[in-house]
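In: Below are the sequence and a predicted model; questions follow.
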Amino acid sequence: MESKQDDITILQEAEKRLRRLSPERLRVVSDFLADLEENEATTELLNIPGFEQALREAMQEADAGEVVQFDSIRCLS
């Protein structure tokens, strides 16, 4: 397990590299980081007991038109 100082060093090295990249390559890195974050979030959701089954059921209900219009449940202030 890395220490806090190791984490800081890694971040500093990454920042130096990022500052040297062209705007086009910086966009690629940004997109890659977004994908990494998304994959972590997906993994967290899939680790919730029953999540996959509930998601499948919700998608089937939506496909079957068994939905409620947002406007009918939205609180109007």
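Out: Done, it's in.

In: In this structure, where's the longest helix?
Out: helix 23-46 (DSSP state H).

In: That one - what's its average pLDDT?
Out: In this model, helix 23-46 carries a mean pLDDT of 91.

In: Does anything pack onto that helix? Which helices or strands?
Out: Here helix 23-46 touches no other helix or strand, going by 3 or more Cβ pairs under 8 Å, 6 or more residues apart in numbering; DSSP states H and E. Backbone N, C-alpha and C define where each C-beta goes, glycine included.

In: Just the C-alphas of it, formatted as PDB.
Out: Written as PDB, here are the backbone C-alpha positions of helix 23-46 (Å, rounded to 0.1, in the frame of the first residue of the first chain):
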ATOM      1  CA  PRO A  23      -4.200  20.100 -26.200                       C
ATOM      2  CA  GLU A  24      -5.200  17.200 -28.400                       C
ATOM      3  CA  ARG A  25      -3.300  14.600 -26.300                       C
ATOM      4  CA  LEU A  26      -4.500  16.300 -23.100                       C
ATOM      5  CA  ARG A  27      -8.100  15.700 -24.300                       C
ATOM      6  CA  VAL A  28      -7.200  12.000 -24.900                       C
ATOM      7  CA  VAL A  29      -5.900  11.700 -21.300                       C
ATOM      8  CA  SER A  30      -8.900  13.400 -19.900                       C
ATOM      9  CA  ASP A  31     -11.300  11.100 -21.800                       C
ATOM     10  CA  PHE A  32      -9.200   8.100 -20.500                       C
ATOM     11  CA  LEU A  33      -9.500   9.300 -16.900                       C
ATOM     12  CA  ALA A  34     -13.200   9.800 -17.300                       C
ATOM     13  CA  ASP A  35     -13.500   6.200 -18.500                       C
ATOM     14  CA  LEU A  36     -11.500   5.000 -15.500                       C
ATOM     15  CA  GLU A  37     -13.900   6.800 -13.200                       C
ATOM     16  CA  GLU A  38     -16.900   5.500 -14.900                       C
ATOM     17  CA  ASN A  39     -15.600   1.900 -14.700                       C
ATOM     18  CA  GLU A  40     -15.000   2.300 -10.900                       C
ATOM     19  CA  ALA A  41     -18.500   3.700 -10.400                       C
ATOM     20  CA  THR A  42     -20.000   0.800 -12.500                       C
ATOM     21  CA  THR A  43     -18.000  -1.700 -10.400                       C
ATOM     22  CA  GLU A  44     -19.400  -0.100  -7.200                       C
ATOM     23  CA  LEU A  45     -23.000  -0.400  -8.400                       C
ATOM     24  CA  LEU A  46     -22.500  -4.000  -9.500                       C
END
